[in-house]
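A.B. asks: Quick one, structure for this:
(2 chains)
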Amino acid sequence: MSAAVSVLFDAPGPKARRRHLIIAVVGSLGILAVLYLVISALAAKGQFTAAKWSPFLDPVTWTSYLLPGLRATLVAAFFSVILAIVCGILLGMGRLSEATPARWACGVFVEFFRAVPVLMMMLFAYYLFLFGFQISGEALPLLGVIAGLTFYNSCVIAELIRSGVGSLPRGQREAGLAIGLTPFATLRLVLLPQAITIMLPSIISQLVVILKDSALGFLILYPELVRSGQTLAALEGNLIPTFIVVAAIFIIINYGLTRLAQYLERRLQRRRRGPKMPEAEPLMSPSMAPGGALTAPSQA
Amino acid sequence: MLHGLSELFNEYNVLAAFWMTIKLTVVAAIGALLIGTIIAIMRVSPVAVFRSFGAAYVTLIRNTPLTLIVFFCAFGFYITLQYRIGAQNSPIDVQNFRWGVLGLTIYHAAFVAEALRSGINSVPKGQVEAARAIGLGFGATLSNVVLPQAFRGAIAPLGNVLIALTKNTTVVATIGVAEASYLMKGMIEFRPDLIYAIFVIMATGFVILTLPVGIAFTTLSRRLAVRR
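C.D. replies: All right, here's what the predicted structure looks like:
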């Protein structure tokens, strides 16, 4: 975001520029001072010694802890996202269906499970598989994580699909019905493909949420990135450096996904024509405000 | 089922666990609103350093799992570095609560900042131009014209953050704070025969906590919306 697009303040003149410079210097000194305090406190406790960080130069650290952990995180996220999209589309279709019982059942299901924390669903699924289905061994935590993430995120995706269909012009549905398609065929052939395209950026943002939430598998002993990092830290005695590295891995992956979602959103906005216009002129760069009504703020 | 329900309520203090959830939510919500507002103001300020700092905060925090942030606070700062919040001699569960709240606050402040920024975006340009035209500076424009409208425009997304925060308080179960999901884990481990009843109780508890908040914020956002 550059200063040029903001209308919150005038283009600064020489006097204001000098004042901004002073504020900037004082402000950055303040920020640097806080950072310095944190870093020197960490250094005083010996968190920056070579012994704490050298394990990350050892290939074994990566091949036997961090990479398997990352792989477990990605595996859980991958299966959850596929299942959540499939179930989410089905639930979304149910909420949009003509049949009242189906609409009600899917509505209650979605509203209920959206209100329940993911961690609780994971715990429930884990113990249900353990006690109810007598599953044990390595597959148990993975199934628990996937079930918990799928339940929650299919409800979120169902809502995304519903708001995507809701944002389409009415004429789309009317045209489908006018050429003799059944309501279901109209939904399947005309509305859903457009809704999914519109909601693609939000669905990718949801992928970030799924990746972050897979870390909750920690509590049911799933060996994902945070847990394998903790195992490593217990071995090497370098908890804080390990957490910093694990956080960096998450941030890089999720930042990449966020950028992909933003890129897709811009592309789709360029392509979209016609009646959909942003209501108010945005104060800042144009890429942020429109679509805001559709793009639910990504939550964990 | 009914017999199981009453048995569970007699054996376990379900209400105390949900009271802990509410305490975590309220304290973290106040903290997140304060820090989030400061970050949002930084993101629109004329000083480039503050803008970059705000953007960096939101990007870094939003892309890190909450679990990791809470661990950083509890295992990193508290256990490893021996930092304590408040009284030095307070017991471990009080310290865990405070570090848990700090983690929740840091994480949700990023989402509050994003909600407020979307609120600031919904203020029409003319409002700001008018404020500047009558000679208000950046601070006066922001505090007298933009932010009051931005808060009213951001009520719906702020409500979503509050609901997400309520559900995310379960994450501090990983550091042993005795809130709802922590109790649920213990209950299922001791009474696996009542697993369905336990899940229904706990899930219903969260529906009771979040549903009125959602309705209240939707009503508020409609009632307080700035008419344009």
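
A.B. asks: Please state the offset of the host helix or strand of B:Phe206 from the chain centre?
C.D. replies: Assigned by DSSP states H and E, B:Phe206 belongs to helix B:195-224. Averaged C-alpha coordinates place helix B:195-224 at 15 Å from its chain's average position (Cα atoms, centre = their mean, to the nearest Å).

A.B. asks: Measure how buried A:Ile220 is and give me the count.
C.D. replies: By the criterion of other Cβ atoms under 10 Å in any protein chain shown, A:Ile220 has 23 neighbours. Quick note: C-beta positions are derived from backbone N, CA and C, even for glycine.

A.B. asks: Chain B versus that one, what's the distance?
C.D. replies: Using Cβ to the nearest Cβ, to the nearest Å, A:Ile220 is found at 9 Å from chain B.

A.B. asks: Is there proximity between stretch A:76-86 and chain B?
C.D. replies: No - shown here: stretch A:76-86 not in contact with chain B (Cβ under 8 Å from any Cβ of the partner chain), separated by at least 11.4 Å.

A.B. asks: how close does the most centrally placed residue in chain B sit to B:Ala29?
C.D. replies: Among the residues of chain B, the one closest to the centroid is B:Leu165, at 3.7 Å (Cα atoms, centre = their mean). Here B:Leu165 is placed at a distance of 6 Å from B:Ala29 (Cβ to Cβ, to the nearest Å).

A.B. asks: wait, isn't A:Tyr127 in contact with B:Ile188?
C.D. replies: Yes - contact status for A:Tyr127 versus B:Ile188: in contact at 4.6 Å, counting by Cβ atoms under 8 Å.

A.B. asks: list residues touching both of those two?
C.D. replies: B:Ile195 (Cβ atoms under 8 Å, 6 or more residues apart in numbering or on different chains).

A.B. asks: what's the overlap in contacts for B:Leu165 and B:Ala29?
C.D. replies: Each of B:His108 lies in contact with both B:Leu165 and B:Ala29 under the rule Cβ under 8 Å, 6+ apart.

A.B. asks: which stretches of chain B have low pLDDT?
C.D. replies: By pLDDT under 70, the low-scoring segments of chain B are B:1, B:228.

A.B. asks: Which residues are in contact with residue 175?
C.D. replies: Going with chain A. Neighbouring residues of A:Ala175 by Cβ under 8 Å, 6+ apart: A:Val190.

A.B. asks: oops, I was thinking of chain B
C.D. replies: Here B:Ile175 is in contact with B:70-71, B:74-75, B:96, B:99-100 (criterion: Cβ under 8 Å, 6+ apart).

A.B. asks: Please tell me how far it sits from B:Ala164.
C.D. replies: Counting by Cβ to Cβ, the gap from B:Ile175 to B:Ala164 is 19 Å.

A.B. asks: before we move on, what about A:Leu187?
C.D. replies: 30 Å.

A.B. asks: Same list, the contacts of B:Ile175, but only the ones touching chain A.
C.D. replies: Answer for the contacts of B:Ile175 near chain A (Cβ under 8 Å from any Cβ): B:71, B:75.

A.B. asks: Could you export the contacts of B:Ile175 to JSON lines, including columns for distance to A:Gly137, neighbour count and secondary structure?
C.D. replies: What follows is the contacts of B:Ile175, written out as JSON lines (distance: Cβ to Cβ, whole Å; neighbours: other Cβ atoms under 10 Å in any protein chain shown; DSSP: H, G, I helix; E, B strand; the rest coil):
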{"residue": "B:Val70", "distance to A:Gly137": "29", "neighbour count": "27", "secondary structure": "helix"}
{"residue": "B:Phe71", "distance to A:Gly137": "26", "neighbour count": "26", "secondary structure": "helix"}
{"residue": "B:Ala74", "distance to A:Gly137": "30", "neighbour count": "23", "secondary structure": "helix"}
{"residue": "B:Phe75", "distance to A:Gly137": "28", "neighbour count": "19", "secondary structure": "helix"}
{"residue": "B:Asn96", "distance to A:Gly137": "32", "neighbour count": "20", "secondary structure": "helix"}
{"residue": "B:Trp99", "distance to A:Gly137": "34", "neighbour count": "26", "secondary structure": "helix"}
{"residue": "B:Gly100", "distance to A:Gly137": "32", "neighbour count": "27", "secondary structure": "helix"}
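
A.B. asks: Could I get the buried residue list for the helix or strand hosting B:Ala113?
C.D. replies: Using DSSP H and E, B:Ala113 sits within helix B:92-121. For helix B:92-121, burial by neighbour count (16 or more other Cβ atoms under 10 Å in any protein chain shown) applies to B:95-121.

A.B. asks: Also stretch B:4-12?
C.D. replies: Buried residues in stretch B:4-12, counted by 16+ other Cβ under 10 Å: B:4, B:8, B:12.

A.B. asks: Which other helices and strands does the helix or strand harbouring the first one contact?
C.D. replies: Right, the one you point to is B:Gly4. Element membership of B:Gly4 [criterion: DSSP H and E] is helix B:2-11. In terms of contacts (3 or more Cβ pairs under 8 Å, 6 or more residues apart in numbering or on different chains; DSSP states H and E), helix B:2-11 is packed against helix B:195-224.

A.B. asks: what packs against the helix it packs on?
C.D. replies: Helices and strands touching helix B:195-224, as assessed by 3+ Cβ pairs under 8 Å, 6+ apart, comprise helix A:100-115, helix A:118-127, helix B:2-11, helix B:14-44, helix B:155-168, helix B:180-190.
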